[in-house]
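S.K.: coords please:
(chains A and B)
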Number of protein chains: 2
Amino acid sequence: MPRLVMKFGGTSVADIDRIRNAAARVKQEVENGYDVCVVVSAMSGKTNELVGWVRDTSLLYDAREYDAVVASGENVTAGLMALQLQEMGVPARSWQGWQVPLRTNSMHGAARIESIETTNLDRKFEEGLHAVIAGFQGISPEGRITTLGRGGSDTSAVAFAAALGAERCDIYTDVDGVYTTDPRITKKARRLGKISYEEMLELASLGAKVLQTRSVELAMRYKVRLRVLSSFSDGPGTLVCDEEEIVESRVVSGIAHSRDEAKLTLISVQDRPGIAAAIFGPLAEAGVNVDMIVQNIGADGRTDMTFSCPVDEVPRARKALEHAVAGGQIDHRGLDVDEEVAKVSIVGIGMRSHAGVAHQMFAALAAEGVNIKVITTSEIKVSVLVDRKYLELAVQALHDAFELEKAS
Amino acid sequence: MPRLVMKFGGTSVADIDRIRNAAARVKQEVENGYDVCVVVSAMSGKTNELVGWVRDTSLLYDAREYDAVVASGENVTAGLMALQLQEMGVPARSWQGWQVPLRTNSMHGAARIESIETTNLDRKFEEGLHAVIAGFQGISPEGRITTLGRGGSDTSAVAFAAALGAERCDIYTDVDGVYTTDPRITKKARRLGKISYEEMLELASLGAKVLQTRSVELAMRYKVRLRVLSSFSDGPGTLVCDEEEIVESRVVSGIAHSRDEAKLTLISVQDRPGIAAAIFGPLAEAGVNVDMIVQNIGADGRTDMTFSCPVDEVPRARKALEHAVAGGQIDHRGLDVDEEVAKVSIVGIGMRSHAGVAHQMFAALAAEGVNIKVITTSEIKVSVLVDRKYLELAVQALHDAFELEKAS
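M.R.: Model (predicted):
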C-alpha cells in the first residue's frame, strides 16, 4: 500500500481535543488507503517547560541529560495519539526514537540523522499497524537519547518519508499553507498552491516561519514532496516540490521580510587583502550572524565595509569589533550603526530566466519613495535593506508590482 | 566501594528546589564514600496528569501505550537529578529502564521485574559515575516500555539495591520514618528506630502508606536493608530489617488502622460444604476485596457468615450476592450491612512468644467501652472491627495499653 507521513506540530496536539482532531485526519487518510506514519511534536508549551527546568537546574548543562529530559515531551504525545487512533478503530502503536531505531550522531541537542532502520516498521505495517513516531529524537552510537534541535520534528518527518518511500510528507500546522507574503502586512497575500524546494528554502531562511530550513533541505535532497496545511481547517495547503512539478512558474513567488535588522558600516577601512577576514573572523567567533555584506569601491586605498545582522546582536558585534581594533587588526575612521532597518526580499525561480526583475523591484520601491540602503542578490532572490518604518509599505508595493494577488 | 541506593518520592522531587535539596543529600553520601544509585519518581502530580490524559483519550486503553506515556514522568526527573548532581560537582548520568536494562515481563501497567543487568552500571561506577535511575519502569521482552504499577519506584529501588549488592536502600519521603501509629490520631505516636520486614509488611498492608507492600516483600526476600526517612528534615528514620538485627523486640510494635470498612453478614445461610466458595467466588469475580471473614458456629444446619470489605465496594458486593442468590447458589434469610465500621490492628513479632496479647487488647478496648464486632488474628497481628466513631479512642487506648510511647 502507498505510504504517507503526517506530521503534527505542537499547536495541533496541544490538548486531548486537538489530538482527537488530528487523529480524525489520520483516520481519513487510512480510509483513503494509505499506510500512515504519524510524526508528532510535544504538546505546545511542554518543550519550553522542560527546557526551562533544565536551565533552572544548570547553566552549563550536560547536553546528554538535556536531551533525555526534553525528548520526553514527544513520548507523551506519541502514546496519546496511538491511543486516540485505537479508540477510533485505527490499529496503531507508538515508537520512540530508540525503538525504531532512528540513529543519529552524538551531537546532543542538535544531532544529525545517520540512518533510520525501517525493518521493524515495515513488519508492523504488514500486520496492518499504523505508526506513531515521537518526533525530534533519536539514539546515539552510545545508546543515549539525542534530539535534533528546535523544530526537529519537521526534520524527523521528512527523514521518515524518505526512509519509508512515502508518497508525500504532510506537515500539519496552524497556518493553511505558504503565502505570497505575510498576510498581516497585506490582505492581498495569497496562499501558494505549489512552491519549489529552492524558493521554500529562501523563504524559510528569510523569516517565513512555516517550515524548518533543515527539513526543506532534506526534502530537496531526497525529493520528498512536502505539503504544508492546517490541522484546524480543510484545504489543500501548499505543496513544496521539485520545480519540474510546477508547470508554469512565476517570476516572483513570494516576498519575505525580516523586521529587526541592523546595518553596520566600518568607515574608511584600509583596503588590503585579508581585511574581510580580519573583520568577519572576530564577528563569527563572537557568534554574530552576519547576513548581507557590501564592500564599496574605495579610493586612496580605503573603502567602506557594510554588513547587516539581527538588531539584538549589535552589542556583541560592537564588542568584537572594538576588540579587533584594539588588537590592531582593523584600522578605520569610525563605525556607523543603523538599528532602524528591515530586510525585504523577493524570491522566485523564474528570475533565473527573466532579466530586469531587480530593476522592477527598485522601481516599485522608488515610486513609493522608499530609499534602498543595501542590496544583495542570489540566483533566485533579491534582498534590500530599507528603513524599518517603510517595511509594510515596501512589502505592499512589491506585492502589487509583481501581481502576487493573482493566482498563477 | 560500598554501594547505596537512595530513592526519592514525588514530593521529594516536586520542583527544582526540592531536586536540589535531594541532590545535596546524595552528594553527602558520595562524600561518605558510597557509589550511589539514585532512583527517582516523577515530580508529584505529574503521573496523575499523564494518567488523566490517557483516561481522557480512551476508556479501555492499550496498556502498552499507557506505559509509554506514564513512564515519561520519571525520565524527566532522572535527567534533572543527573544535571543537578553534575552542577554540584558529583559525576552522574541518568538511566531509563530500557537503557540499564531492567527487564520485566509483558504485564503492562503492573509488570514484574525479571532481571536487572548491572554490567553497564558496574562499568560506569568504575569510571566514577554515579547512577540516576528513572524508577517505576522497565522494558518488556518485546522491547516495549513497561511500568511496575503505582508506587513502583519503591520496588525499583529495592530491586536495584538487591542487584547491585547495595549496603542499604534509603527511601526518602515526606515523613521521617515509620511510627507506632498515625500521629494524627495520637500525639504520643513515636518513630520506630527499627522494625522487622514482617511487621512492616503487616503495617503496609493494613494502611500505613509509607512503603509499598511489594517493595517490602522484595526487600525481605533479598535481605535488602531498607531505611525510611524524610528528605525535608535530618534524622535517622526507621530501618526495616531482618528481625535478627532487632536485639530486643517489643511484643507490639505498632498499631494500624483502616477507617472506611464495611461489615456484611449473610444471616442464616445453609451450613454445607462449599458454601464459602459459593459466597466468596462471586465476590472475588466482582472485584470485591474481602478482608476479614468470620463464620459463626451454627445450629439446625444454618450459620451466619460475616465478612468485611472497603465501604466503597459495598454496592458491588451487594450486586454480586444478589446475583448468586438469584442463581440459587446461596440460600439465606437476609443480608445485614454495617457501613459504619473501622479496623484497628496491633502488630508485633514479639506476639509469637508472648501469650495473652490478644486478651490484653480486648481488655483495653473493653475498659473504654469499645465493643468489638469481628476479630481475626495472624501470627504477628490481631485485628478487630469496631464502630467507626470509636476508631481514635481505640487506637489511643491501645497505644497506651502497650506503652508504645516508650522507646524500646
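S.K.: who touches residue A:36 in this structure?
M.R.: When the contact criterion is CB atoms under 8 Å, 6 or more residues apart in numbering or on different chains, the partners of residue A:36 are A:3, A:4, A:5, A:6, A:26, A:29, A:30, A:130, A:131. Every residue, glycine included, has its C-beta placed from N, CA and C.
S.K.: Apply 7 Å and report the result again.
M.R.: Contacts for residue A:36 (CB atoms under 7 Å, 6 or more residues apart in numbering or on different chains) come out as A:4, A:6, A:26, A:29, A:30, A:130.
S.K.: how many other residues sit next to the closest residue to it other than its chain neighbours?
M.R.: Counting by CB to CB, 6 or more residues apart in numbering or on different chains, residue A:130 is the residue found nearest to residue A:36 once chain neighbours are left out, at 4.8 Å. The local packing of residue A:130 (other CB atoms under 10 Å in any protein chain shown) involves 25 other residues.
S.K.: List the residues that contact residue A:130.
M.R.: Counting by CB under 7 Å, 6+ apart, residue A:130 has contacts A:30, A:35, A:36, A:85, A:90, A:91, A:92.
S.K.: With respect to chain B, which of these is nearest?
M.R.: Nearest to chain B among the contacts of residue A:130: residue A:92, at 8.8 Å, using CB to the nearest CB.
S.K.: Hmm, that closest one is touching residue A:128, no?
M.R.: No: assessed by CB atoms under 7 Å, residue A:92 is found out of contact with residue A:128, at 9.9 Å.
S.K.: could I get the contacts of residue A:130 as TSV with secondary structure and pLDDT?
M.R.: TSV is the format used below for the contacts of residue A:130 (DSSP: H, G, I helix; E, B strand; the rest coil; pLDDT from 0 to 100):
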residue	secondary structure	pLDDT
A:30	helix	98
A:35	strand	98
A:36	strand	98
A:85	helix	98
A:90	coil	98
A:91	coil	98
A:92	strand	98
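S.K.: Now the buried members of these.
M.R.: A:30, A:35, A:36, A:85, A:90, A:92 (16 or more other CB atoms under 10 Å in any protein chain shown).
S.K.: Among the residues you listed, give me the pair with the biggest separation.
M.R.: A:35 and A:85 (13.0 Å; CB to CB).
S.K.: got the buried residues for the strand of greatest length in chain A?
M.R.: As assigned by DSSP state E, the longest strand anywhere in chain A is strand A:254-270. For strand A:254-270, a neighbour-count test (16+ other CB under 10 Å) marks A:254-258, A:261-266, A:268-269 as buried.
S.K.: And for residue A:323, nearest residue in space, chain neighbours not counted?
M.R.: Spatial nearest neighbour of residue A:323, chain neighbours left out: residue A:282 (6.4 Å); criterion: CB to CB, 6+ apart.
S.K.: report the angle between the axes of the helix or strand where that neighbour lies and strand A:254-270?
M.R.: Per DSSP states H and E: residue A:282 is located in helix A:275-285. Comparing the axes of helix A:275-285 and strand A:254-270 via axes from the mean of the first three to the mean of the last three CA atoms, to 10 degrees yields an angle of 120 degrees.
S.K.: and helix A:275-285, what other elements does it pack with?
M.R.: helix A:314-326 (3 or more CB pairs under 7 Å, 6 or more residues apart in numbering or on different chains; DSSP states H and E).
S.K.: Let me see the contact set for the residue nearest to residue A:323.
M.R.: Here residue A:282 is in contact with A:320, A:321, A:323, A:324 (CB under 7 Å, 6+ apart).
S.K.: Average pLDDT for the longest strand of chain A, rounded please.
M.R.: Mean per-residue pLDDT for strand A:254-270: 92.
S.K.: Run the chain-centre distance for it.
M.R.: In terms of CA atoms, centre = their mean, to the nearest Å, the centre of strand A:254-270 is found 21 Å from the chain centre.
S.K.: Take it, keep the C-alpha atoms, and write them as CSV.
M.R.: Taking Å, rounded to 0.1, in the frame of the first residue of the first chain, the C-alpha atoms of strand A:254-270 are listed here in CSV:
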residue,chain,number,x,y,z
GLY,A,254,6.9,35.4,-2.6
ILE,A,255,8.0,38.3,-0.6
ALA,A,256,9.8,37.7,2.7
HIS,A,257,10.8,40.2,5.3
SER,A,258,12.8,40.3,8.5
ARG,A,259,11.9,43.3,10.7
ASP,A,260,14.6,43.6,13.3
GLU,A,261,17.9,44.1,11.3
ALA,A,262,20.8,46.4,11.9
LYS,A,263,23.2,47.9,9.4
LEU,A,264,26.8,48.5,10.5
THR,A,265,29.4,50.3,8.4
LEU,A,266,33.1,50.4,9.1
ILE,A,267,34.1,53.7,7.6
SER,A,268,37.2,54.1,5.5
VAL,A,269,39.0,50.8,6.4
GLN,A,270,42.3,50.0,4.8
